[in-house]
Structure formats: C-alpha cells, structure tokens
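S.K.: Model the structure of this input:
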Amino acid sequence: MRAGSRMLCAIGVIVAVSVLAVACGTMGQKRGGGYYKDDGPGSASSKDLSKIPDATPRAEPLRPHNNQPYRALGKTYTPNTRVEPFRQRGVASWYGRRFHGQPTASGEKYNMYAMTAAHPTLPIPSYARVTSLENGRSVVVRINDRGPFLHGRVMDLSYVAAWKLGYINKGSAKVEIEQILPDGGTD
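M.R.: Reported below is the predicted structural model:
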C-alpha cells in the first residue's frame, strides 16, 4: 500500500471515529432545551396552560408512610414530619410526559397538568410557594412526590408549574421555595 493510500485510509478512520463519538456523545442528552429523552409537552397539547390554577392550600393529614426516613441513590433523607416554616434556594427542574400517569411517592398518579412538585424532605402532602429568582414569577404547588435526587436539584416541578415559571425550554431555573403553613402564611 502506498503512503498516499495509507494517509487517506487513516483520515477516513479518523473521520468515522469522530462522527461516531459525536453521535454517541449526543445520545440521551436533552433535546429542545429542557426536554430530556422522550419527555416534554406531547405532540398535540390542547390545554391552555395559562388557565390552570395554582394549587389551593388546605389542611390535609400528613401521610406517615411518606414521611419516614428513606435512602435514594446512596443518600439518606429525613422528611419533615410537621408543616413548619421552611425556606430554601436552589435549582429546580421539571418532569413531564415521560412520568405522566405514573405513581408518585404519595400513591397518586402524576399529572403533568396539575400544580404539583417533588421535594426530598417537605412533608407529603403539603404546599409551597415557588418563586423564580430569574424572573420573579411565582406559583403555589402541592408536594406529593419525592425527588429530585440527582444534579444538586432542590425540587422537580410538574410540567405546567415549570411552564408558568418560564423555564420549560431551559430545563431548570434558580428558585426560592417557601413552605405554606396551614394558616396561609409562609413564616
């Protein structure tokens, strides 16, 4: 084989390996901004998300089974067993179609069009005001699930709650979480 042919062959191999590396590196990554794998709003959502009301806080008995210490991904979490003042800042993400209809930690089915959220330690069920620190928008959600457990996130919001906060396409946003007390206050 001549040197020129070897050179062309080597370049061909390098190009093929590069194409494969790029293709493999993008598999399973987010698409469309915040959408992960097959998640997102669905192909033909006819819901007017602006008309979906915030969760309405009300006194509900806590579910003892959902408020026991537990382990997830090698870390132990101890949920609050009382609704009391709580404030936290951090990064929130969202979950959508991929989990729609699946059971939450509370046993309720996840509804991506309901104003709900997952938190590792807030009591189930309870309510929280979540405010975007990036645009000042605020929503009230009902905590009915556990998570998130990856990437240093503090809360997973339903698709519609994240839409109302304006971060669907980004996938995550800096937020402040405030527990809503049974008397309607936050502190």
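S.K.: got a list of what residue 142 touches?
M.R.: 55, 114, 115, 116, 117, 125, 126, 127 (CB atoms under 8 Å, 6 or more residues apart in numbering). From N, CA and C alone the C-beta is placed, and that goes for glycine too.
S.K.: On the three-state scheme, the closest residue to it other than its chain neighbours is what?
M.R.: In space, residue 142 comes closest to residue 55 once its chain neighbours are excluded; the distance is 4.2 Å by CB to CB, 6 or more residues apart in numbering. Secondary structure, DSSP: H, G, I helix; E, B strand; the rest coil: residue 55 is coil.
S.K.: So which of the contacts of residue 142 is the closest to residue 155?
M.R.: Within the contacts of residue 142, the smallest distance to residue 155 is 5.5 Å, found for residue 117 (CB to CB).
S.K.: Who is the closest one paired with across the strands?
M.R.: Residue 117 has these beta-bridge partners by DSSP bridges: residue 143, residue 157.
S.K.: What's the per-residue pLDDT of the residue nearest to residue 142 here?
M.R.: Looking at residue 55, its pLDDT stands at 97.
S.K.: Surely it is in contact with residue 144?
M.R.: No. With contact defined as CB atoms under 8 Å, residue 55 and residue 144 do not form a contacting pair (9.5 Å).
S.K.: contacting residues for the residue nearest to residue 142?
M.R.: 114, 115, 116, 127, 140, 141, 142.
S.K.: Now render these as TSV, adding distance to residue 88 and pLDDT.
M.R.: Formatted as TSV, those follow (distance: CB to CB, whole Å; pLDDT from 0 to 100):
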residue	distance to residue 88	pLDDT
114	22	94
115	18	97
116	17	96
127	14	97
140	16	98
141	14	98
142	17	97
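S.K.: Among those residues, name the buried ones.
M.R.: Of the members of those, the ones counted as buried by neighbours, 16 or more other CB atoms under 10 Å, are 114, 115, 116, 127, 140, 141, 142.
S.K.: Export those residues to CSV and append columns for secondary structure and distance to residue 159.
M.R.: CSV is the format used below for those (DSSP: H, G, I helix; E, B strand; the rest coil; distance: CB to CB, whole Å):
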residue, secondary structure, distance to residue 159
114, coil, 9
115, coil, 10
116, strand, 10
127, strand, 19
140, strand, 16
141, strand, 12
142, strand, 15
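S.K.: and of the residues you listed, the nearest to residue 157?
M.R.: Nearest to residue 157 among the buried ones among the contacts of residue 55: residue 141, at 6.4 Å, using CB to CB.
S.K.: Please work out how many residues are found near the nearest residue to the closest one once chain neighbours are set aside.
M.R.: Counting by CB to CB, 6+ apart, residue 141 lies nearest to residue 117, which is 4.2 Å off, once chain neighbours are set aside. Neighbours of residue 117 under the rule other CB atoms under 10 Å: 29.
S.K.: what's the answer for residue 124, then?
M.R.: Counted by other CB under 10 Å, the residues lying close to residue 124 total 26.
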